[in-house]
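K.L.:
Build me a model:
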Amino acid sequence: MLFNSLQYLVFLPTVFVLFWITPHRFRVPLLLVASYVFYMSWRPIYGLLIFGLTLGNFLLVPLIAKATEQKDKKWWLGVVVAANLITLGIFKYATFSLITVKDTLNLFGVQFREPHLHIILPLGISFFVFEFIHYAVEVYRGKPLVKKFFDFALFASFFPTQIAGPIKRYQDFIPQLDIPAKFKWQYLDEGMQLILMGLFKKVLIADNLALVSQAGFSHPGNFSSLDLWLITYAFAFQIFFDFAGYTDIARGSALLFGYKVPINFNLPYIASNVADFWHRWHISLSTWLRDYLFIPLGGSRCSQWKMYRNLFITMTLGGLWHGAAMHFLVWGAYQGILLIAHREYSRLLEKSGLAKSLLQSKIYHAVSVVVTFHFVCIGWVFFRAENMQDACAIISQLVQAPAALLHFSMQQLSVLQIRDPIVFPALLIILPILMIAQPVVNWLNDKRFYLSPPWALQVGVMVALMCLLTIFSPDSSPRFIYFQF
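P.N.:
Numbering: from 1, shown residues only. Below is the predicted model:
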């Protein structure tokens, strides 16, 4: 069941009405049943998977808290983390591992025919496995256990965040379940605005940009270096509006029930360096990697070489988390190299005494934003390409763009032949407006100059969004990009 499907359009209002007419003590079981219906509408058998993982973690994690010796606590934590990672590995990495073994043996002339496992990746498994690991580690660190099974089960299966996050922290989510909230029009008002804005980002912007990026990345050899830069830009904004749109719908859906889930994006493309970008992009994942991988590896409280090693390992594994393919692994390693290079560059600036003067310069900041965005875009090529061969071919073309600009003419832009004559120019206008408008609105909010608009205006905006969705939506809407992870 997709957020942008007719099924969800019926499902969400039904659950919303049932939730608010149900007594408080029955609301968690109601949402739990609804969440399993939501998940099992895709493949019913995988309802057993999430239930089995939920029950296993609920029974095993208390053994960590009950252990009196530190070594016993570590042993039980290892058991829980290993059980979760093995489950994730079987479904997500078994086939990739067999292919890697086959390719490695072939290098030495050894023939190996891998078995066909026919494993279908369960939706959202990477997200709820990370939530289970978070829970186990926090209990190991002394945080309280979740006593109620239904609360714990809903923490993992809550349908707005079940498939693609944001990755929740149980200390933030579980206490909300115990509050006997009464219905407020504010929940409906703010929730519907977030849902409509999410659909606007997904259907009107991301799905139309997908037409460009799909054509380019499917047949990169058909396009010039300038075309490929436009296609790369298209994907950069496609993935942002696709995932940010999903997050808006998830947050809006949760807010309809009076629950808050974490934000996941904070204007990532205005980041002035790659570290700043990862503080703004997929925030729930980047903070999870920091807290449960980078810091346990040693974090930054070690020698410089070890810190760089920790950064590289963290980002490389973060890339592999996104998918069982070499191009995801390389994308993660690339991000790790960028973070290391940024730290080295910052250290050299500090040594030279130029850091303060440069960082306070508006021109330097603007140039840094543009440069960071292009480094991120190069990374997106690895992320989006069908394979490493295509990724390398595209990047080879991208670096030739400066020479191509010397002989540039509008007739050379083949991408003009594949984009919609009405929608694409509209997107070229909408994208800069959105990128400028969001920081302006945030600034006005911070300065307390911005007041909530009148109710009639809010309704008018929502009606306008629905009209735009109807007029400019493509013939088919692909599923959200992060559903595959």
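K.L.:
Tell me, how many residues neighbour Phe240?
P.N.:
22 (other CB atoms under 10 Å). Quick note: C-beta positions are derived from backbone N, CA and C, even for glycine.
K.L.:
I'd guessed it sits against Pro268; true?
P.N.:
Yes: between Phe240 and Pro268 there is a contact under CB atoms under 8 Å: 6.9 Å.
K.L.:
shaky segments in the protein?
P.N.:
1, 99-110, 112-117, 355-356, 403-485 (pLDDT under 70).
K.L.:
which residues touch the residue nearest to the spatial centre of it?
P.N.:
Nearest residue to the geometric centre of the chain (CA atoms, centre = their mean): His282, 4.7 Å. For His282, the contacting residues are Phe243, Asn264, Phe265, by CB atoms under 8 Å, 6 or more residues apart in numbering.
K.L.:
show me what contacts the closest residue to Gln335 other than its chain neighbours?
P.N.:
Using CB to CB, 6 or more residues apart in numbering and skipping the chain neighbours, the partner closest in space to Gln335 is Met315 (4.4 Å). Contacts of Met315 were listed using CB under 8 Å, 6+ apart, and they are Leu289, Gly332, Ala333, Gln335, Gly336, Leu339.
K.L.:
those strands in the chain, which residues are they?
P.N.:
Assigned strands in the chain: none (criterion: DSSP state E).
K.L.:
Next one: the residue nearest to Gly332 when sequence neighbours are not counted from Ala83, what distance?
P.N.:
Using CB to CB, 6+ apart and skipping residues adjacent in sequence, the residue nearest Gly332 is Gly319, 1.7 Å away. According to CB to CB, to the nearest Å, Gly319 and Ala83 sit 24 Å apart.
K.L.:
what do you get for Ser224?
P.N.:
Counting by CB to CB, the gap from Ser224 to Ala83 is 51 Å.
K.L.:
could you dump the contacts of His282 to TSV with distance to Leu63 and neighbour count?
P.N.:
TSV is the format used below for the contacts of His282 (distance: CB to CB, whole Å; neighbours: other CB atoms under 10 Å):
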residue	distance to Leu63	neighbour count
Phe243	36	22
Asn264	32	26
Phe265	37	18
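K.L.:
Domain map for the chain?
P.N.:
6-183, 187-484 (automatic domain parsing).
K.L.:
what about the shortest one, how long is it end to end?
P.N.:
Think domain 6-183. In domain 6-183, first residue to last residue: 25 Å (CA to CA, to the nearest Å).
K.L.:
ok so, going back, which two among the contacts of Met315 are spaced furthest apart?
P.N.:
Leu289 and Ala333 (14.1 Å; CB to CB).
K.L.:
ok, back up a step: and the contacts of Met315 as JSON lines, adding distance to Val79?
P.N.:
What follows is the contacts of Met315, written out as JSON lines (distance: CB to CB, whole Å):
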{"residue": "Leu289", "distance to Val79": "22"}
{"residue": "Gly332", "distance to Val79": "27"}
{"residue": "Ala333", "distance to Val79": "30"}
{"residue": "Gln335", "distance to Val79": "31"}
{"residue": "Gly336", "distance to Val79": "29"}
{"residue": "Leu339", "distance to Val79": "32"}
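K.L.:
For PyMOL, write a command that selects the buried ones of those.
P.N.:
In PyMOL, a selection of the buried entries from the contacts of Met315 looks like this (16 or more other CB atoms under 10 Å):
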select buried, resi 289+332+333+335+336+339
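K.L.:
more neighbours, Gly319 and Ala83?
P.N.:
Shown here are Gly319 and Ala83; by other CB under 10 Å, Gly319 has more neighbours (24 against 18).
K.L.:
so the more buried one touches Ala333, yeah?
P.N.:
Yes: Gly319 lies in contact with Ala333 (CB under 8 Å); the separation is 6.5 Å.
K.L.:
which residues touch Glu350?
P.N.:
Contacts of Glu350 (CB under 8 Å, 6+ apart): none.
K.L.:
Relative to Asp248, how far out is it?
P.N.:
Counting by CB to CB, the gap from Glu350 to Asp248 is 39 Å.
K.L.:
Next, the buried residues of the longest helix along the chain.
P.N.:
Determined from DSSP state H, the single longest helix within the chain is helix 70-107. Within helix 70-107, the residues scored as buried using 16+ other CB under 10 Å are 73, 76-77, 80-81, 83-84, 87-88, 91-93, 95-96, 98.
K.L.:
what's near enough to touch Phe312?
P.N.:
Taking CB under 8 Å, 6+ apart, one finds Ala333, Gly336, Ile337, Ile340 in contact with Phe312.
K.L.:
Grab the nearest non-local neighbour of the second one.
P.N.:
Excluding its sequence neighbours, the residue lying closest to Gly336 (CB to CB, 6+ apart) is Met315, at 3.4 Å.
K.L.:
one step back: out of the contacts of Met315, which sit inside helices?
P.N.:
Leu289, Gly332, Ala333, Gln335, Gly336, Leu339.
K.L.:
Test my guess that the third one contacts Gly318.
P.N.:
What that stands for is Ala333. No: the criterion here is CB under 8 Å, and Ala333 misses it with Gly318 at 9.9 Å.
K.L.:
burial measure for the nearest residue to Phe132 once chain neighbours are set aside, as a count.
P.N.:
Distances taken as CB to CB, 6+ apart put Asn57 closest to Phe132, at 4.7 Å, once the chain neighbours are dropped. Applying other CB under 10 Å, we find 24 residues neighbouring Asn57.
K.L.:
residues in contact with Asn57?
P.N.:
Val80, Asn84, Phe132, Tyr135, Ala136, Phe152, Ala156.
K.L.:
now Asp390
P.N.:
With the criterion set at CB under 8 Å, 6+ apart, Asp390 makes contact with Phe217, Pro220.
K.L.:
distance of it from Leu188?
P.N.:
Asp390 is 46 Å from Leu188, by CB to CB.
K.L.:
got it, and Val399?
P.N.:
51 Å.
K.L.:
Show me which of these two is the more surrounded one.
P.N.:
Leu188 (14 against 10).
K.L.:
Next, work out how far apart Glu155 and Gln176 are.
P.N.:
No, residue 155 isn't Glu; it's Phe. 10 Å.
K.L.:
of the two, who's got more company?
P.N.:
Phe155 (22 against 15).
K.L.:
so the more buried one makes contact with Ile174?
P.N.:
Yes: the pair Phe155 / Ile174 is scored as a contact, 6.1 Å apart, by CB under 8 Å.
K.L.:
Overlap in contacts, those two.
P.N.:
Contacts common to Phe155 and Ile174, judged by CB under 8 Å, 6+ apart, are Val146.
K.L.:
quick one on the thing from earlier: the residue nearest to the centre of the chain and Ser126, how far apart?
P.N.:
Counting by CB to CB - His282 and Ser126 are separated by 12 Å.
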